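Asker: Task: produce atomic coordinates for the following.
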Amino acid sequence: EVQLVESGGDLVQPGGSLRLSCGASGFTFGGYAMTWVRQAPGKELEWVSSISDDGLRTMYAGSMKGRFTVFRDNAKNALYLQMNSLKPEDTAVYYCARTSTFSFGTEYEYRGQGTQVTVSS
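Answerer: Numbers count the residues shown, from 1 in each chain. Purely as a prediction, here's the structure:
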């Protein structure tokens, strides 16, 4: 059974940083591209970032580029999202998801339960 478990969400002040983690199990983690998506209250699911199966290629949505960094540790079956210079508009539930290909967008095969990130003073 594919399982994805996010953690690391918290309340943080504007300009602060957070690192989200996603633990994967039930599949060969290193054989799949992964993605982060988020959903703010009352808004549609939004693509954040994607990373290739080997971690060598990454992509970011325009508003996250330069502030967010996605990386993975295939030996630990773990995916990460380092978020810096956080803004109130980054407030959302963040999900990690397994994708069939390395691409952008909100399509995925499996998704975790999410972790809440709140950016507020």
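Asker: contacting residues around stretch 71-78?
Answerer: 21-25, 29-30, 34, 51, 54-55, 58, 79-80, 82 (CB atoms under 8 Å, 6 or more residues apart in numbering). Every residue, glycine included, has its C-beta placed from N, CA and C.
Asker: For the residue most central in space within the chain, which three-state class applies?
Answerer: By CA atoms, centre = their mean, the mean C-alpha position of the chain lies nearest to Trp36, the distance being 2.8 Å. Secondary structure, DSSP: H, G, I helix; E, B strand; the rest coil: Trp36 is strand.
Asker: wait, it sits on Leu81?
Answerer: Yes: between Trp36 and Leu81 there is a contact under CB atoms under 8 Å: 5.1 Å.
Asker: what residues do these two have in common as contacts?
Answerer: In contact with both Trp36 and Leu81: 20, 22, 48-49, 70, 94, 96, using CB under 8 Å, 6+ apart.
Asker: Quick check on the nearest residue to Phe29 once chain neighbours are set aside: phi, psi?
Answerer: Distances taken as CB to CB, 6 or more residues apart in numbering put Asn77 closest to Phe29, at 4.3 Å, once the chain neighbours are dropped. Asn77 adopts backbone torsions of phi 50, psi 50, taken as degrees, to the nearest 10.
Asker: if I look at Asn77, how far off is Gly15?
Answerer: Distance of Asn77 to Gly15, given as CB to CB, to the nearest Å: 32 Å.
Asker: do the same with Arg38
Answerer: Applying CB to CB, the value for Arg38 to Gly15 is 19 Å.
Asker: any idea how far Asp90 is from Asn77?
Answerer: Counting by CB to CB, the gap from Asn77 to Asp90 is 26 Å.
Asker: the more surrounded of those two?
Answerer: Between Asn77 and Asp90, counted using other CB atoms under 10 Å, Asp90 has the larger neighbour count: 22 against 16.
Asker: higher neighbour count, Arg38 and Gly15?
Answerer: Arg38 (24 against 11).
Asker: For burial, what's the neighbour tally of Tyr32?
Answerer: When neighbours are counted by other CB under 10 Å, Tyr32 comes out with 21.
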